[in-house]
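Trainee: A predicted structure for the sequence below; I have some questions about it.
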Amino acid sequence: MADTSKKIENILKMSEDERYDYFIRKVADFEEIWGLSDNGWALLGDNAGNQILPLWPEKEFAELCAIDQWKGYKPEVIQLDNFIEKWIPGMLNDKTLINVFLIPNGKGIVISPDDLNSDLQEELEQYE
């Protein structure tokens, strides 16, 4: 348990760009993405009126963000193939952005579904 806590602590200290790279590698390796759900997915908004879906590479990091407005939300896994085939087109259609690896009291990288898909595809090619 101490090893896991230390790992989480170290990852939370990473910059947004480092966490983004970690997210891409981890998701490509394990082929799953985590969101928070409670009869609907946890969403953020921005000043331009965009909906933003926060996503995490591992269950533990999603759990850490199930606070404040998302208290009671539970981590839910999304299989990578389903995410690429169904979620990406749906988010593009709905004009939803993605917040990659949001941390408590911090930020993540907000990116378009197309850009995230491109980075994931590039990383997945390394695994073929």
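Mentor: Received the coordinates, thanks.
Trainee: would you mind measuring from the residue nearest to residue 29 when sequence neighbours are not counted to residue 35?
Mentor: Spatial nearest neighbour of residue 29, excluding adjacent residues (Cβ to Cβ, 6 or more residues apart in numbering): residue 127 at 7.2 Å. Quick note: C-beta positions are derived from backbone N, CA and C, even for glycine. The gap separating residue 127 from residue 35 is 23 Å, by Cβ to Cβ, to the nearest Å.
Trainee: between the two, which is the more surrounded one?
Mentor: residue 35 (21 against 8; other Cβ atoms under 10 Å).
Trainee: from memory the residue nearest to residue 29 sits against residue 28, does it?
Mentor: Yes - Residue 127 is in contact with residue 28 according to Cβ atoms under 8 Å; the separation is 6.1 Å.
Trainee: got the phi and psi for residue 126?
Mentor: With angles defined as degrees, to the nearest 10, residue 126 sits at phi -70, psi -20.
Trainee: what sits against it?
Mentor: By Cβ atoms under 8 Å, 6 or more residues apart in numbering, residue 126 lies in contact with residue 28.
Trainee: what pLDDT is listed against it?
Mentor: Reported pLDDT at residue 126 in the predicted model: 88.
Trainee: do residue 107 as well
Mentor: At residue 107, the predicted lDDT confidence score is 87.
Trainee: for residue 115, same thing?
Mentor: Looking at residue 115, its pLDDT stands at 98.
Trainee: can you check the one 4 residues further on too?
Mentor: The pLDDT attached to residue 119 in the predicted structure is 98.
Trainee: ok, now the one 4 residues further on?
Mentor: According to the predicted model, the pLDDT of residue 123 comes to 96.
Trainee: the most centrally placed residue in the chain in helix, strand or coil?
Mentor: The centroid of the chain falls nearest to residue 55 when counting by Cα atoms, centre = their mean (1.9 Å). With DSSP: H, G, I helix; E, B strand; the rest coil as the basis, residue 55 sits in strand.
Trainee: if anything else comes up later, I'll come back, but that's it for now.
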